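J.: structure for the following, please:
(one chain, ligands or ions: 1)
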Amino acid sequence: MTTPDRRNARSHLFYQTDHPRPVLDRAEGIYMWDTDGNRFIDGSSGAMVCNIGHSNPHVLDAMRRQMDKSTFGYRLHFVTEASEALAAKTASLAWPGMDRVFFVSGGSEAVESAVKLARQYALAIGQASRWKVISRFPSYHGCTLGALAITGYDSLADPFLPMMQVMPKVPAPRAWLDGFNPDDPATGRYYADLLDQKIRAEGPDTVLAFILEPVGGASTGALVPPAGYMEAVREVCDRHGVLLIHDEVMSGGGRTGKFFGAQNWTAAPDILAVSKGFGAGYVPLGAMVARGDLVDAVLAKGGFAHGFTYAGNPLACATGLAVIEEIERQDMMANASSTGALLKAELTRLMDRFPFIGDVRGMGMLLAFELVADRDTKEPLPPALKAFDKLTEQAYSRGLIIYPRRSRGGYAGDHLLVAPPMITTPAQVGEIMDRLEPALA
Ligand code: PMP
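T.: Predicted coordinates:
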């Protein structure tokens, strides 16, 4: 199979780069076809979005039913049955007390909403000195200037540094890179102590919140927190009166085996952001979910000064509800755990054959492997080698879509996310490996 180049000499459409890509025709389950009839396996669910697979009939039916009723009601004029029902369902999936839901249309919007709610809560309770949002390096929280200010990814942030109030960062808990045992609770405590030190250095009464991705996404490549980390972070935040925000934009929606990734541990956040798998590729949809008392305090002090025009769009909300119904009806989170474990074992097996695979990590259907020049020193491959581009191309030409990113903060460290839809079967894991292994070779 060849990768068709259907790009016009100069298309009107543009994205980050003008690299050629096929023209999508249709998609079903874990497969996508281009207009030349080539079939691809969606090995990364787009960008970890199409969690329930493409063209799910129950979801498409729900969308048609909602379209026959209404497709837009401005949030300040109407609520809808769909928006109320999805809010209630989402709250029921979150932690007790996190019972208020604010709809948005994407991940960056969800993160910005979380940060702005935190700030307005601090103002509401008379803590105006708190404004710093500590995040981790590397991390990805979105591309808008506010979300970028808390994103730890230099290649994306550097051009805009003069335009942003860049926020403090602490190291992401990359035990594999730093040479610690991820199963030892002392490791989680160590990284949480770095947060504690950072809060003290900044001045606790200036720190508003700490934001983390429970299971890392594009920036760290499916980084699973070391033992004890999530609980120790919660404890550090509580000690300093700092709000804890979970960015579940990628880890939410079920692919870690729980609806919210952090539910694999015990500590609850105060606010969370979700998107991607929430609309599952059917509609642009995201949400901020917050502790009810935070929202009540903000609303009591004159309201939440924030909002997006498409928020709570009834078509998006009816679709989001149908997505969750399908996840539950087909027990997809259980499949993400069991078939994900099989896929992870297959990826781990590749380490025997390919010495340049330095680490395989992740949980459920959010998996990644890291390419290194040397497995012992963990030195990254030289960027000039363009391993990232070559591997993507090799997989593409074999009909497999994967998701490469840079793991060392944007300029080096190739890793590949392997994150097919949660409906992937064990036989389809075989199909993925049949394409991935020769691509690596
Ligand atoms: N947070 C995380 C963890 C993400 O992975 C992403 C998208 N990759 C975002 C935020 C931003 O989401 P969006 O692209 O929908 O704005």
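J.: tell me the spacing between the residue positioned nearest the centre of the chain and the ligand.
T.: Taking CA atoms, centre = their mean, the centroid of the chain lies closest to residue 250, which sits 1.8 Å from it. Using CB to the nearest ligand atom, to the nearest Å, residue 250 is found at 4 Å from the ligand. In short, each C-beta sits where N, CA and C put it, glycine included.
J.: now that residue: which helix or strand?
T.: For residue 250, there is no enclosing helix or strand under DSSP states H and E.
J.: how about residue 369?
T.: strand 366-371.
J.: and the ligand, is that strand touching that?
T.: No: with CB under 6 Å from any ligand atom as the criterion, the ligand is not reached by strand 366-371; the gap is at least 10.5 Å.
J.: quick one: mean pLDDT over whatever helix or strand comes next after that strand.
T.: The helix or strand immediately downstream of strand 366-371 is helix 387-397, counting by DSSP H and E. When pLDDT is averaged along helix 387-397, the result is 91.
J.: flag every buried residue along helix 387-397.
T.: Buried residues in helix 387-397, counted by 16 or more other CB atoms under 10 Å: 387-388, 391-392, 394-396.
J.: what is the lengthiest helix in the chain packed up against?
T.: For the chain, the helix that runs over the most residues, judged by DSSP state H, is helix 332-353. Counting contacts by 3 or more CB pairs under 8 Å, 6 or more residues apart in numbering; DSSP states H and E, helix 332-353 is packed against strand 357-363, strand 366-371, helix 426-440.
J.: for the residue nearest to the centre of the chain, give me phi and psi.
T.: For residue 250, the backbone dihedrals (degrees, to the nearest 10) come out as phi -100, psi -40.
J.: ok, the closest residue in space to it that isn't next to it in sequence - how many residues close by?
T.: Leaving aside its chain neighbours, residue 250 sits nearest to residue 217 (3.6 Å; criterion: CB to CB, 6 or more residues apart in numbering). By the measure other CB atoms under 10 Å, the count of residues near residue 217 is 29.
J.: measure residue 217 to residue 440 for me?
T.: Separation of residue 217 from residue 440 (CB to CB, to the nearest Å): 22 Å.
J.: contacts only, for the residue in the chain that the ligand sits nearest to.
T.: For the chain, the residue closest to the ligand is residue 107, as judged by CB to the nearest ligand atom, at 2.1 Å. Residues in contact with residue 107 (CB atoms under 8 Å, 6 or more residues apart in numbering) are 142, 247, 249-250, 273, 275-276, 286.
J.: quick revisit: distance between the longest helix of the chain and the chain's centre?
T.: 19 Å (CA atoms, centre = their mean, to the nearest Å).
J.: for the stretch 1-150 of the chain, which residues are neighbours of the ligand?
T.: Counting by CB under 6 Å from any ligand atom, the stretch 1-150 of the chain sits next to the ligand at 47, 106-108, 111, 140-142.
J.: please name the nearest non-neighbouring residue to residue 143.
T.: Per CB to CB, 6+ apart, closest to residue 143 is residue 108, 5.7 Å.
J.: what does the pLDDT read for that neighbour?
T.: 98.
J.: what about it, neighbour count?
T.: 23.
J.: these two touch, right, it and residue 149?
T.: No: at 11.6 Å, residue 108 and residue 149 do not qualify as touching, with contact defined as CB atoms under 8 Å.
J.: domain assignment for this structure?
T.: Residue ranges for the domains of the chain, per automatic domain parsing: 24-55+331-440, 60-329.
J.: quick check: closest non-adjacent residue to residue 154.
T.: residue 410 (4.4 Å).
J.: how many neighbours does the one you found have?
T.: When neighbours are counted by other CB under 10 Å, residue 410 comes out with 19.
J.: residue contacts, residue 171?
T.: 136-137, 178, 191, 194.
J.: just to revisit the earlier point, dump the buried residues of helix 387-397 to TSV, plus distance to the ligand.
T.: Output for these, formatted as TSV (distance: CB to the nearest ligand atom, whole Å):
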residue	distance to the ligand
387	21
388	16
391	20
392	17
394	23
395	20
396	20
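J.: tabulate the residues you listed (CSV), appending distance to residue 169.
T.: Output for the buried residues of helix 387-397, formatted as CSV (distance: CB to CB, whole Å):
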residue, distance to residue 169
387, 26
388, 24
391, 29
392, 28
394, 34
395, 32
396, 34
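J.: state the distance from the residue nearest to the centre of the chain to residue 198.
T.: Separation of residue 250 from residue 198 (CB to CB): 24 Å.
J.: now do the buried residues in the longest helix of the chain.
T.: Across helix 332-353, burial judged by 16+ other CB under 10 Å covers 332-333, 335-337, 339-340, 343-344, 346-347, 350.
J.: which stretches of the protein have low pLDDT?
T.: When residues are selected by pLDDT under 70, those of the chain lie in 1-9.
J.: hang on, the earlier thing: for the residue nearest to residue 143, give me its contacts.
T.: 141-144, 147.
J.: among the residues you listed, name the buried ones.
T.: Neighbour counting with 16+ other CB under 10 Å marks 141-143, 147 as buried within those.
J.: from the residues you listed, which ones fall inside helices?
T.: residue 147.
J.: of the buried ones among the contacts of residue 108, which pair is most distant in space?
T.: 141 and 143 (9.1 Å; CB to CB).
J.: between these two, which contacts overlap?
T.: With CB under 8 Å, 6+ apart as the test, residue 141 and residue 143 both reach 108, 151.
J.: within range of the ligand, give me the residues from the stretch 151-300 of the chain.
T.: So the stretch 151-300 of the chain meets the ligand at 213, 217-218, 247, 249-250, 275 (CB under 6 Å from any ligand atom).
J.: let's see 5 Å
T.: Within the stretch 151-300 of the chain, the positions adjacent to the ligand are 213, 217, 247, 249-250, 275 by CB under 5 Å from any ligand atom.
J.: nearest to residue 265 among the residues you listed?
T.: residue 213 (13.2 Å).
J.: once you drop chain neighbours, what's closest to the closest one?
T.: Nearest to residue 213 is residue 247, by CB to CB, 6+ apart, at 4.8 Å.
J.: beta partners of the one you found?
T.: residue 273 (DSSP bridges).
J.: and for it, the neighbour number?
T.: Neighbours of residue 247 (other CB under 10 Å): 33.
J.: and what of residue 118?
T.: For residue 118, using other CB under 10 Å, the count is 24.
J.: how about the one 4 residues further on?
T.: By the other CB under 10 Å criterion, the neighbourhood of residue 122 contains 22 residues.
J.: could you check how far it is from residue 319?
T.: 34 Å.
J.: residue 401 reaches residue 395, doesn't it?
T.: Yes: under the criterion of CB under 8 Å, residue 401 makes contact with residue 395 at 7.0 Å.
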